[in-house]
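In: kindly generate the corresponding structure for this input.
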Amino acid sequence: MDGKKNLANEHSEDMLIVVDQRDQVLGYEAKAKCHEGTGIMHRAFSIFIFNSKDELLLQKRSTEKLLWPGFWSNSVCSHPRKGETVIEAANRRIVEEIGISTQLNYLFTFQYQAQFGSIGSENELCSVFIGFSDDPIVPNTEEIAECRFISIDILKRDLQYKAEVYTPWFKIEWQRIRAEHMDRIRLHK
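Out: Next up, the predicted model:
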């Protein structure tokens, strides 16, 4: 397979929201174009779902993904489409990717750029949300190769010794969640 992988499953023609670092809309561009080269900055979101045991739901990205295939990442991540707010998109994708619905709580927004070899990159202004659920997970197999809940202690060790199996955005987001937002997770019980 060439460097273009199976983009049909990734909605490569979805029109994403191109923004500047202050989240001002600059226009719209196809998803595939936003991820070429060093990328075009666009809105994105990441969702972290915890169960009542304070375990985090991780997903292993499908091997058909263009960027970071087969890497472990947060529960759900994607992009709002043209005409969609970030929270509308987050609520849509949580159902599409893992088959549950839950109230999402906003934590923070940050900008990052990460290059995946010569294939392409992420260049995103990413909003991060947390949610809580003990509902059964039904992973979308076109998006997700595997799911698992992991304790915070085991995840901490994993990131010390096997950080290379995790997506770059997950590592950035998790570090900030641990530093600034763990009280919101533990108080949820």
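
In: from here on, contacts and neighbour counts on C-alpha atoms
Out: OK.

In: show me what contacts Val25?
Out: Ile17, Val18, Val19 (C-alpha atoms under 8 Å, 6 or more residues apart in numbering).

In: which of the residues you listed has the most neighbours?
Out: Tallying neighbours with other C-alpha atoms under 10 Å puts Ile17 at the head of these, with 27 neighbours.

In: so what's that residue closest to, chain neighbours aside?
Out: Once flanking residues are discounted, Ile17 sits nearest to Tyr28: 4.9 Å by C-alpha to C-alpha, 6 or more residues apart in numbering.

In: what's the neighbour count on that neighbour?
Out: Neighbour count for Tyr28, taken as other C-alpha under 10 Å: 17.

In: report the next helix or strand after the one helix or strand it maps to in sequence order.
Out: In this assignment (DSSP states H and E), Tyr28 forms part of strand 25-30. Sequence-wise, the next helix or strand downstream of strand 25-30 (DSSP H and E) is helix 31-34.

In: hmm, back to that, dump the residue contacts of the residue nearest to Ile17.
Out: Met15, Leu16, Ile17, Val18, Lys82.

In: paired strands for the strand holding Tyr28, with orientation please.
Out: Looking at strand 25-30 with DSSP bridges, its partner strands are strand 15-19 (antiparallel).

In: which stretches of the protein form helices?
Out: 31-34, 86-98, 152-161, 168-180, 182-186 (DSSP state H).

In: tell me the most buried of those helices?
Out: Greatest average neighbour count among those goes to helix 31-34 (a mean of 20), per mean count of other C-alpha atoms under 10 Å.

In: now for that one, which elements pack on it?
Out: strand 15-19 (3 or more C-alpha pairs under 8 Å, 6 or more residues apart in numbering; DSSP states H and E).
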